[in-house]
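# Quick one, structure for this:
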Amino acid sequence: MPLNFITSFFGMNTNGMFLSQTENGTFVLSIAMLVIVMILIFVFWFKSKKE
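Just a heads-up that it's a prediction; the model follows:
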C-alpha cells in the first residue's frame, strides 16, 4: 500500500500544475504542506490550552 502511494505521487503527470516547472517543486509543496499542518496543530493546541 505505501509503495502504491509513493509511485503514484512521484509518477503522476504534472504538466501545467503549480510549481511543476521548477526543479524542486515537489520539495517546496511538501514543505508548504508540513508548515500548514504545523500551524493547524499549533492553533488547536493553543485553543485547547486556553480553555
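
# which regions of the chain sit below the pLDDT cut-off?
Residue ranges of the chain with pLDDT under 70: 1-20, 51.

# so where do the helices sit in it?
2-10, 25-50 (DSSP state H).

# Return the most buried member of the ones you listed.
Most buried of the helices of the chain, by mean neighbour count (mean count of other C-beta atoms under 10 Å): helix 25-50, with a mean of 10. Heads up, the C-betas are built off the backbone N, CA and C, glycines and all.

# Who are the packing partners of that helix?
Under the contact definition 3 or more C-beta pairs under 8 Å, 6 or more residues apart in numbering; DSSP states H and E, helix 25-50 sits against no other helix or strand.

# 10 Å instead, please
Packing contacts for helix 25-50, counted by 3 or more C-beta pairs under 10 Å, 6 or more residues apart in numbering; DSSP states H and E, involve helix 2-10.

# Next one: residue 35 from residue 50, what distance?
Distance, residue 35 to residue 50, using C-beta to C-beta, to the nearest Å: 22 Å.

# And residue 39, by the same measure?
The spacing between residue 39 and residue 50, counted by C-beta to C-beta, is 16 Å.

# go on, residue 22?
For residue 22, the distance to residue 50 (C-beta to C-beta) stands at 40 Å.

# Please apply the same query to residue 27.
For residue 27 relative to residue 50 (C-beta to C-beta), the value is 35 Å.

# How about residue 28?
Residue 28 sits 33 Å away from residue 50 when distances are taken as C-beta to C-beta.

# got the CA coordinates for stretch 41-51 in PDB?
Taking only C-alpha atoms (Å, rounded to 0.1, in the frame of the first residue of the first chain), the coordinates of stretch 41-51 have been written out as PDB:
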ATOM      1  CA  ILE A  41      -1.600  21.700  15.200                       C
ATOM      2  CA  PHE A  42      -0.400  24.900  17.000                       C
ATOM      3  CA  VAL A  43      -3.700  26.600  16.700                       C
ATOM      4  CA  PHE A  44      -5.700  23.700  18.000                       C
ATOM      5  CA  TRP A  45      -3.200  23.200  20.800                       C
ATOM      6  CA  PHE A  46      -3.300  26.900  21.700                       C
ATOM      7  CA  LYS A  47      -7.100  26.900  21.800                       C
ATOM      8  CA  SER A  48      -7.300  23.800  24.000                       C
ATOM      9  CA  LYS A  49      -4.700  25.200  26.300                       C
ATOM     10  CA  LYS A  50      -6.600  28.500  26.600                       C
ATOM     11  CA  GLU A  51      -9.800  26.800  27.800                       C
END
